[in-house]
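**Student:** Need coordinates for the below:
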Amino acid sequence: MDDTGSESAAAVTAKLVKISLEDVQCRHRRERKDLQAKIQALKKNAPKSNKKKRKGVMEEVARMETELDMKQADEIKVAEELQSVTLMERRSNGKNFEVLENDDKVKCEPATRITKAQKRRDKKAREIRLKEKEIQAASEDMAYTPRTIEARKLRSKLKKRELALYNIPSDGDCLYNAIRHQLMRHALSSPSVQQLRYETANYIYVNKDMLIPYMTNSETGDLITDSEFEKYCNDVRSTPAWGGQIELKALSSVLKVPIEIIQADGSPTIQGDEFAGDPLVITFHRHMYSLGEHYNSTTPLSECKTDGDYPSDDN
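**Tutor:** Next up is the predicted model:
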């Protein structure tokens, strides 16, 4: 009687252990399915144009997946260890672990223990998955930076005109070097940057009354004074001061050639449209470099090996 009762209790225990492990595995499948649905919703609602929020979503996805992997691995480990301990206890009592379930004979086999080497491999795999997700998040973020968006728009505009970007070094002479490159392309002349600066400064100085209403102090926003105007002309002539609309107007007038400026947003602008001939075509960039605005030149697409790559941010 005692043996029968003992076997019955053992059989029930073994059956419960087996069912418990299966329940855990079944629950894990539901949890993973629910998580995937949640991840899809998060990604769908993440604004593609908002770099910070999208990066946060991708980091949250990686965190949730890693946490679920670790939690489920721990739960499986506990369930398998419980099954293993129960089986060993029954065997030590010389009992048979055969139970009937739905008229079928089910044998409970001891679970295979997870080795230390396997644990290390699992941990390494989780770390690799997390790193891959971080890289993917960074890659997706890069696709929506102002710099990348600007580059994409400019390339599209240039390609429609069968042109490609011609990179100019990122220094204060970028405008003058871009104009110099265009002059040589059109076989018009080949002045040095210093010559272009000299002619530009002289034009601004001579046409003070026409240009000074458009020249303001960058700090106060007020029109520049006479002394500030003198300094401005000297800076254009003798330093690598960055050039803008005033300098473009001067260059166009000095060279007697139209200059077309293409930018990512808006229509192209032209300085010197009163002059005849094909325009010099340059590009204006607000986000290409972290140091500030920049000018590049253009070249026929057929002569370019690449479609005008943006340099790295380190430049």
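**Student:** any idea where the strands of the stretch 201-315 of the chain begin and end?
**Tutor:** The residue ranges that make up the strands of the stretch 201-315 of the chain, judged by DSSP state E, counting those that start in this stretch, are 259-262, 269-271, 280-289, 292-300.
**Student:** what comes into contact with the last one?
**Tutor:** Which is strand 292-300. Outside of strand 292-300, the residues within contact range by C-beta atoms under 8 Å, 6 or more residues apart in numbering are 158, 162-168, 170, 174-175, 177-178, 181-182, 185, 242-244, 262, 281-286, 288, 308. No exception for glycine: its C-beta is placed from N, CA and C like everyone else's.
**Student:** what are the pairing partners of that strand, and which direction each?
**Tutor:** Strand 292-300 has its sheet partners listed here by DSSP bridges as strand 163-166 (antiparallel), strand 280-289 (antiparallel).
**Student:** what is the rounded mean pLDDT of the last one?
**Tutor:** Per-residue pLDDT values across strand 280-289 average out to 90.
**Student:** Going by neighbour count, list what's buried in that strand.
**Tutor:** By neighbour count on 16 or more other C-beta atoms under 10 Å, the buried set for strand 280-289 is 280-285, 287-289.
**Student:** Quick check: chain neighbours aside, which residue is closest to T200?
**Tutor:** The spatial neighbour of T200 that comes closest, neighbours along the chain excluded (C-beta to C-beta, 6 or more residues apart in numbering), is A250 at 4.5 Å.
**Student:** again, but for A164
**Tutor:** Taking C-beta to C-beta, 6+ apart, and ignoring the residues beside it in sequence, A164 has C304 as its nearest neighbour in space, at 3.9 Å.
**Student:** That neighbour touches E162, doesn't it?
**Tutor:** No: with contacts defined as C-beta atoms under 8 Å, C304 does not count as touching E162, sitting 10.2 Å away.
**Student:** Give the residue from the two that has the larger number of neighbours.
**Tutor:** With neighbours defined as other C-beta atoms under 10 Å, C304 and E162 compare such that C304 has more, 15 against 9.
**Student:** Distance of the more buried one relative to L163?
**Tutor:** 9 Å (C-beta to C-beta, to the nearest Å).
**Student:** With L42 instead?
**Tutor:** Summarising the geometry, the distance separating L42 from L163, computed by C-beta to C-beta, is 41 Å.
**Student:** Over to N45?
**Tutor:** Look at N45 and L163: by C-beta to C-beta, they are 39 Å apart.
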